[in-house]
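Trainee: Just a sequence and a predicted model for now, questions to come.
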Amino acid sequence: MKIIKVAISQRIIPQYRVPFFKELAKKQNIQLTVFYGDGFNIGTEVNANEIKGFNNQKLYTIKVPFKINGTKRLVVFHPGLIISLIKGNYDVIITEPVTNILNVIFIFLYVKLFRKKIIWHEAGGVNKSSRKILRKVIDPLVKLFIKNTDAFLTYNTYANVYLSNNYKVYHEKIFLALNSIDTTGIKKDLIKYSNDNNDDSLTKSKDYKVALFIGALEKRKRVENLIKACGIINKQQNYCIKCWVIGDGPDINYIKSICTNDELDNTVFFGRKVDDLVKYILFADVVVLPGQGGLSINHALACGKPIIATEEAYSPNTISVYDYIKNGFNGYVADINNIDDLASKISLVLYDEMHYKSLCTGAFTKAEEISIEKMVDSFEKSIQYVLNI
């Protein structure tokens, strides 16, 4: 069996990607190395606390100052990447796309000089009419790269449509790899915490419901919309609902500044949680993603909790959220940036006990359809495709 040397270029290695890389590295015919660099200290773009179980190499990182809608985003350059690729003589390179554009330039240089194969890992972008000026400026370069890419891995079905409609990519070159998390540890934690509902550290009583947000505290996440939606429910319904927020990020003060004192009094900011996250999900009644993001959807489903999100989830203004949420089956999709509709959808989840139990069952059912194993299979198939195996 011929060993295939595969390199993956990432800006960082987040916590949720570690189990996936471990599984991919177990493939007998794949020799995997993941290249990454420094990230931020808080927010979404943070390296995992512990990175092991697969070959990885942290590279010297030059961070480029960059903001989107007032929030700092991670744009990096790894000057040692091309030397590492040459030394390793890798057969296939898998890379983040536009988010990793400065490194992609040199990856393509390596691929063309040494006649190697490249796979583009696409999440799906915004339509041309909605692109920022800088994105429009680099679009000719992106088109050139896409035209010369051997295969594409996609996070969601929208990314398939995006590549096909915007760049005329053939369907046979596209391999769907739905964004997944490791549920092995979650299943163990479900057993561990399922009978622990009297945890004094959370002080939850039966007198109120809990809507839980999980993610980075950034403007694009619209956490304030959830806080305000809970305020609306408390004024309209015959039950009390509290908002729990798990995560950290650069915009926590902004979020607090546009919420009223009453809304904040009904909100608990727990900070970032990793090891005992399942405990908080189990204590909650519904998980809500009011803006961009995505992995909190996976966590909610794996824990059997109904999920509410908007079409901003996973990719801005797209249909990719429907890969995970079916209205009335495991949760609901709310209108983008519509606080009243968000409040209405939360009430819809909680209004009837029988309906709520049905949504919980649907969440577990959907979680079984989205797995790391299926994601690994798609990666392997894309590698085999570009090498004609």
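Mentor: Received the coordinates, thanks.
Trainee: what are the ranges of the helices in this structure?
Mentor: 18-25, 81-88, 101-114, 133-147, 157-167, 184-193, 223-236, 252-257, 261-265, 277-283, 295-302, 339-350, 353-369, 372-386 (DSSP state H).
Trainee: can you redo those as CSV with distance to Lys173?
Mentor: From N, CA and C alone the C-beta is placed, and that goes for glycine too. Below are the helices of the chain laid out as CSV (distance: least, CB to CB, whole Å):
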stretch, distance to Lys173
helix 18-25, 20
helix 81-88, 22
helix 101-114, 15
helix 133-147, 10
helix 157-167, 8
helix 184-193, 32
helix 223-236, 38
helix 252-257, 41
helix 261-265, 48
helix 277-283, 36
helix 295-302, 26
helix 339-350, 37
helix 353-369, 24
helix 372-386, 8
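Trainee: what number of residues lie near Gln238?
Mentor: One correction, residue 238 is Asn, not Gln. Neighbour count of Asn238, defined by other CB atoms under 10 Å: 4.
Trainee: Same question for the one 4 residues further on.
Mentor: Burial of Lys242 is recorded as 19 neighbouring residues (other CB under 10 Å).
Trainee: still on that earlier bit, dump the helices of the chain to TSV, plus mean neighbour count.
Mentor: Output for the helices of the chain, formatted as TSV (neighbours: other CB atoms under 10 Å):
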stretch	mean neighbour count
helix 18-25	20
helix 81-88	16
helix 101-114	17
helix 133-147	13
helix 157-167	18
helix 184-193	14
helix 223-236	21
helix 252-257	15
helix 261-265	13
helix 277-283	21
helix 295-302	25
helix 339-350	21
helix 353-369	16
helix 372-386	18
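Trainee: among those, which is nearest Leu178?
Mentor: helix 372-386 (6.6 Å; CB to CB).
Trainee: circling back to that earlier point, and the helices of the chain as JSON lines, adding mean pLDDT?
Mentor: As requested, the helices of the chain are exported to JSON lines (pLDDT from 0 to 100):
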{"stretch": "helix 18-25", "mean pLDDT": "96"}
{"stretch": "helix 81-88", "mean pLDDT": "98"}
{"stretch": "helix 101-114", "mean pLDDT": "96"}
{"stretch": "helix 133-147", "mean pLDDT": "88"}
{"stretch": "helix 157-167", "mean pLDDT": "91"}
{"stretch": "helix 184-193", "mean pLDDT": "85"}
{"stretch": "helix 223-236", "mean pLDDT": "95"}
{"stretch": "helix 252-257", "mean pLDDT": "96"}
{"stretch": "helix 261-265", "mean pLDDT": "95"}
{"stretch": "helix 277-283", "mean pLDDT": "93"}
{"stretch": "helix 295-302", "mean pLDDT": "92"}
{"stretch": "helix 339-350", "mean pLDDT": "96"}
{"stretch": "helix 353-369", "mean pLDDT": "95"}
{"stretch": "helix 372-386", "mean pLDDT": "96"}
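Trainee: Which among those is found nearest to Gly215?
Mentor: Comparing the helices of the chain by CB to CB, helix 295-302 comes nearest, at 5.5 Å.
Trainee: Contacts for the closest one, please.
Mentor: 16, 179-181, 183, 186-187, 213-215, 277-278, 281, 287, 289, 306-307, 309, 313-314, 321, 324-325, 330-331, 363-364, 366-367, 370 (CB atoms under 8 Å, 6 or more residues apart in numbering).
Trainee: So how do I select the buried members of those in ChimeraX?
Mentor: To isolate the buried subset of the contacts of helix 295-302 in ChimeraX, counting by 16 or more other CB atoms under 10 Å, use the following:
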select :16,179,180,181,183,186,213,214,215,277,278,281,287,289,306,307,309,313,314,321,324,325,330,331,363,366,367,370
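Trainee: Next, check the contacts of helix 295-302 against the strands and list the overlap.
Mentor: 213-214, 287, 289, 307, 309, 331 (DSSP state E).
Trainee: which residue packs closest to Glu373, ignoring adjacent ones?
Mentor: Computed as CB to CB, 6 or more residues apart in numbering, the closest residue to Glu373 that is not its neighbour in sequence is Glu23, at 7.0 Å.
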